[in-house]
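Participant: 3D model of this:
(3 chains, ligands or ions: 3)
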Amino acid sequence: DDIMNVAKEIVEKEIEKHAADGLGRVDYALASGGARVVRHSEPYILAKSSNWLAIGKGRDGVHPKAQKMLEPSFGEPGQCFALQGSSGFVEIRLRTGIIPEAVTLEHVSKSVAFDRSSAPKECRVSAWFEGPDDNPSDRSKKMFVLTEFTYDLEKSNAQTFNVETTNSAVVNMVRLDFFSNHGSSSVTCIYRFRVHGYEPSSSTKR
Amino acid sequence: DDIMNVAKEIVEKEIEKHAADGLGRVDYALASGGARVVRHSEPYILAKSSNWLAIGKGRDGVHPKAQKMLEPSFGEPGQCFALQGSSGFVEIRLRTGIIPEAVTLEHVSKSVAFDRSSAPKECRVSAWFEGPDDNPSDRSKKMFVLTEFTYDLEKSNAQTFNVETTNSAVVNMVRLDFFSNHGSSSVTCIYRFRVHGYEPSSSTKR
Amino acid sequence: DDIMNVAKEIVEKEIEKHAADGLGRVDYALASGGARVVRHSEPYILAKSSNWLAIGKGRDGVHPKAQKMLEPSFGEPGQCFALQGSSGFVEIRLRTGIIPEAVTLEHVSKSVAFDRSSAPKECRVSAWFEGPDDNPSDRSKKMFVLTEFTYDLEKSNAQTFNVETTNSAVVNMVRLDFFSNHGSSSVTCIYRFRVHGYEPSSSTKR
Ligand SMILES: [K+]
Ligand SMILES: [K+]
Ligand SMILES: [K+]
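Facilitator: Ligands and ions are numbered 1, 2, ... in the order given. As a prediction, the model looks like this:
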């Protein structure tokens, strides 16, 4: 009886975490929270899909499907942003300025995936602060590396990597570079990328 | 072994409930079931989002994001209907006429929320029946209170309150009034509001 | 302690399966994977919904809501494709050619459903291969039965049926016929239909 109560508690806690966006951790790169993909390498265009060709890039040079990587995937294959080739990058304007603590990269679950060779492998995440009057092209001077990691297909879908820099500056821009993927020469798919941290106005870390 | 079987049963039952819209209870205010927000206090307009200003209210005076509060949120911040200030109201036409038994108010999970000061606090829920030829402005004469409650940020996201009236009339309209929120002076967000009960044609309560 | 660790493992495994599209099994009929409903019997038109009447069938004769049956439902009533009457059919072009192993038919959960009389009952699933130059009207000659089954309202929502044929040909088209439903004379709703199997290029079954 006692055992069953403890078991029930464990279940409820795990389901609560699952229901809270899978991780139960605030994501400052969430599209519905106001974050946006603002720049990226060449998107992957399916030749047979004439619609995509017609739409092409939006007026700001951002592909209409780019924001998919800032939204939940709900375990559904295809709910990703597909980029050309096995290396590339994406730059994201966060919801607000934060002191970053960790990032999470998520691919679709092995059990439902058609093919996982499109998953990113070696990655680097950089960040910087961009003021309203700053010239975006100056970012290379301000950017610093948060973490470098390898996405492991054998581990759980959503893999979290702590920030390794000692620079605790406030940032509102984050860049994900991927230098390789898990085998596809034509396409790399990013299902979801999250940025965790805390706002400078918060007196304490969460 | 026996213990593990019981544990597995508990897990499956809890996941089944979670998968069944979180509560496993019929919701007569669900948008995909045909319910609609038909009237509400001033919506919250983000000045910087020019799109919202452009769209403004729909032709029936209902804000395009109003129906968000009759849809699942899937643990995602921002999937709500935002109203101006710390008090206001929403009126909903239910899918069909029912004898109401309970209502559920849901806010986004603490673990993923950017800010929970926009959660409603002191609330009252009223209901009435509106026939096809009735004048909506006559509702004040027909309305009766179902329940008054306080949404508690320390409890689980989805909080269910039983109907306290002895009036067991059939209703197809429900009004949610909120008189305060958890701290924001500018905005109150309603993530989801549900109405539970049974149809008069059903011979028994569910 | 040991018991609790095992319990936690069970929970995590079950939640992982739930998060992986509910079944943790690849679905070659998934819309986001590229599958499409290409033909179907008369859709159910709600007279009061003038929008539906206006939209009618798309230019290819496929109802705009048809693809709903190839998408997750997330426990939400109404997220289905509604067909007229108690018998009918749907034909689906799969994402790619596969050797089929099983199909899954899913209806909305009993606990949140307004009415389950619209659930399909006696069904037959057939399949064939259609090349790019084949005439779709020749399908009747190529079609063979994969399985016949009865959807049981007392069992779990998502019911999987193994393919019973000894014909292990590659197919890229699947037809679901329903000959009866659970009581409604006017409408049959298909919440989700999935097709499982493996691609001929895969050296081994999964
Ligand atoms: K996504
Ligand atoms: K919602
Ligand atoms: K569906």
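
Participant: Quick one: the strands in chain A, in order.
Facilitator: Here chain A has its strands, by DSSP state E, at A:36-40, A:81-84, A:88-106, A:122-128, A:144-150, A:158-162, A:171-178, A:187-190, A:192-198.

Participant: Is it possible to get TSV of those that adds distance to ligand 2 and mean neighbour count?
Facilitator: The C-beta positions use only the backbone N, C-alpha and C, and glycine is treated the same way. Output for the strands of chain A, formatted as TSV (distance: least, Cβ to the ion, whole Å; neighbours: other Cβ atoms under 10 Å in any protein chain shown):
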stretch	distance to ligand 2	mean neighbour count
strand A:36-40	21	19
strand A:81-84	24	21
strand A:88-106	19	21
strand A:122-128	31	20
strand A:144-150	32	16
strand A:158-162	22	16
strand A:171-178	27	22
strand A:187-190	25	24
strand A:192-198	19	23
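
Participant: Out of those strands, flag the one nearest A:Asp138.
Facilitator: With Cβ to Cβ, the closest approach to A:Asp138 among the strands of chain A belongs to strand A:122-128: 9.2 Å.

Participant: Quick check: the residue of chain A nearest ligand 3.
Facilitator: Nearest residue of chain A to ligand 3, counting by Cβ to the ion: A:Glu76, 11.2 Å away.

Participant: Nearest residue to that residue in space, please, no chain neighbours.
Facilitator: Among residues not flanking A:Glu76 along the chain, C:Ser32 sits closest, at 5.3 Å (Cβ to Cβ, 6 or more residues apart in numbering or on different chains).

Participant: just A:Ala29 next, same as before
Facilitator: Nearest residue to A:Ala29 in three dimensions, chain neighbours excluded: A:Val195, at 4.2 Å (Cβ to Cβ, 6+ apart).

Participant: now the helix ranked longest in chain A: mean pLDDT?
Facilitator: Counting by DSSP state H, the longest helix found in chain A is helix A:2-19. For helix A:2-19, mean pLDDT rounds to 83.

Participant: And it, what's buried?
Facilitator: Across helix A:2-19, burial judged by 16 or more other Cβ atoms under 10 Å in any protein chain shown covers A:Ala7, A:Lys8, A:Ile10, A:Val11, A:Glu14, A:Ile15, A:Glu16, A:Lys17, A:His18, A:Ala19.

Participant: what helices or strands is that helix leaning on?
Facilitator: For helix A:2-19, the elements it packs on are helix B:2-19, helix C:2-19, judged by 3 or more Cβ pairs under 8 Å, 6 or more residues apart in numbering or on different chains; DSSP states H and E.

Participant: Ok, which of the strands of chain A comes nearest ligand 1?
Facilitator: strand A:192-198 (4.7 Å).

Participant: Just the CA atoms of the closest one, as CSV, please.
Facilitator: The C-alpha coordinates for strand A:192-198 follow below in CSV (Å, rounded to 0.1, in the frame of the first residue of the first chain):
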residue,chain,number,x,y,z
ARG,A,192,13.8,21.8,-31.5
PHE,A,193,16.4,24.0,-29.9
ARG,A,194,15.9,25.5,-26.5
VAL,A,195,17.9,28.1,-24.4
HIS,A,196,17.7,28.0,-20.6
GLY,A,197,18.9,30.6,-18.1
TYR,A,198,17.5,33.4,-16.0
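
Participant: Just checking: what are the partner strands of it?
Facilitator: strand A:88-106 (antiparallel) (DSSP bridges).

Participant: Close to ligand 1: what parts of chain A are there?
Facilitator: A:Lys68, A:Glu71, A:Ser73, A:Gln79, A:Arg192 (Cβ under 5 Å from the ion).

Participant: for those, which one is nearest C:Pro136?
Facilitator: Taking Cβ to Cβ as the measure, C:Pro136 lies nearest A:Gln79 of the residues of chain A next to ligand 1, at 29.9 Å.
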